[in-house]
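**Student:** what would the 3D arrangement of this be:
(chains A and B)
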Amino acid sequence: MMADNRVELHIPSIMGFEKVAMECSASVAKKMGFTEDRIEDLKTAVAEACLNAIEHGNKMDTNTKVGITLTVEETKLQVAVKDEGKGVGNISLPSIENKMEGKDKPRGWGLFLIKNLINEVTFEPSPEGGNITKMVIYLEK
Amino acid sequence: MNKDIQVSTSQKDDVSILNIKGDVTAVTGEIIEAAYQKVSTAGAKKILLYFDKDGYINSGGIAILIGIASESRKSGQTVRLTGLSGHFQKIFNMVGLTKYTEIFQTEELALKDF
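**Tutor:** The predicted structure follows:
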C-alpha cells in the first residue's frame, strides 16, 4: 500500500521473508537516488531489523506479522519495523573474541550491524502494543 | 535440499574448496556446516570458502562462519575467503571476522601461497 510518501507492507513471522522487506526498501532507496553502497547498507539493516522482529519480537509465531513502513522524505528515508513483542532490553556490544573462544554464542550481531550501517536507530513501544524499530538513512549530498 | 543454497566441494592441490552458491543464513547454515565437517573429517588443513557475489548473508550466517572459524582454529586449519561482494567484505571487517580469516579478491589470489 502507498499513501503519499509512505509504503507499507506486512510479512509473516517466518525466516526468509525479511528478504521481501529488504528488496522493497532497496527499490524505494534506488528511486530516491541513494548510492549502491548505501542501498546495500540499508538492505542489511532492514533485513536484520525484520529478523529481530520475527525471531525475538514475534517469537516466530506464524499467527503474527511484522509491519514495515517506509517513509520517504526529501533528504532521508525512514524505515519503521513493528513487531508484537516487548521490545529490546540492554544489549551488550558483541565481542568476536568471546564468540571465537566459545564464551558467548556466535549469534547476536543484528543490532550491532543496524547501528553501524544506518544513520539513526531508535527502539520504542508502539501505542497499539508491540515494539517499533525506527531507522533513518540520509541521502548523501 | 534447500533451494536457497547449494554447496559443493572441490580440491585444488591440498586446498579444499567449499563453493557456496546462495544465501548464508541460520536457515542454510546446517548445509554449510555439513560441507565443512565433511572436508574437515577428510583431514583438510587448508579450506577456501568461495562465496557467491550476489548471495545474501545475514547475522545468522555470520554466526555460522564464526563457528567455522572458531572450530578451524582449534583444529589447526587455515580458512580463507573469496567471492564476497564489497559490502560483505566491509561487514566481515566490521564484526572482526577478518582477524581470524583472510579475504582475497579472487580465487587465484586466495590459492596463491596458501
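**Student:** can you show me the strands along the chain?
**Tutor:** Since no chain was named, I'll use chain A. Ranges of strands in chain A, per DSSP state E, are A:2-3, A:6-12, A:65-72, A:76-83, A:120-125, A:131-138.
**Student:** oops, I was thinking of chain B
**Tutor:** Under DSSP E, chain B gives strands at B:5-12, B:15-22, B:46-51, B:78-82, B:102-104.
**Student:** can you tell me which of those strands is most buried?
**Tutor:** Of all the strands of chain B, strand B:46-51 has the most neighbours on average by mean count of other CB atoms under 10 Å in any protein chain shown, namely a mean of 22. C-betas here are computed from N, CA, C, even on glycine.
**Student:** send me it as PDB with only the CA atoms.
**Tutor:** C-alpha atoms of strand B:46-51 as PDB (Å, rounded to 0.1, in the frame of the first residue of the first chain):
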ATOM      1  CA  LYS B  46      43.600 -25.500   4.200                       C
ATOM      2  CA  ILE B  47      40.000 -24.500   3.400                       C
ATOM      3  CA  LEU B  48      38.800 -21.900   1.000                       C
ATOM      4  CA  LEU B  49      35.200 -20.700   1.300                       C
ATOM      5  CA  TYR B  50      34.200 -19.400  -2.100                       C
ATOM      6  CA  PHE B  51      31.000 -17.200  -1.800                       C
END
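**Student:** what residues does chain A put near chain B?
**Tutor:** Within chain A, the positions adjacent to chain B are A:15-16, A:18-19, A:22, A:37, A:40-41, A:44, A:47-48, A:51, A:94, A:96-97, A:99-102, A:105-110, A:112-113, A:116 by CB under 8 Å from any CB of the partner chain.
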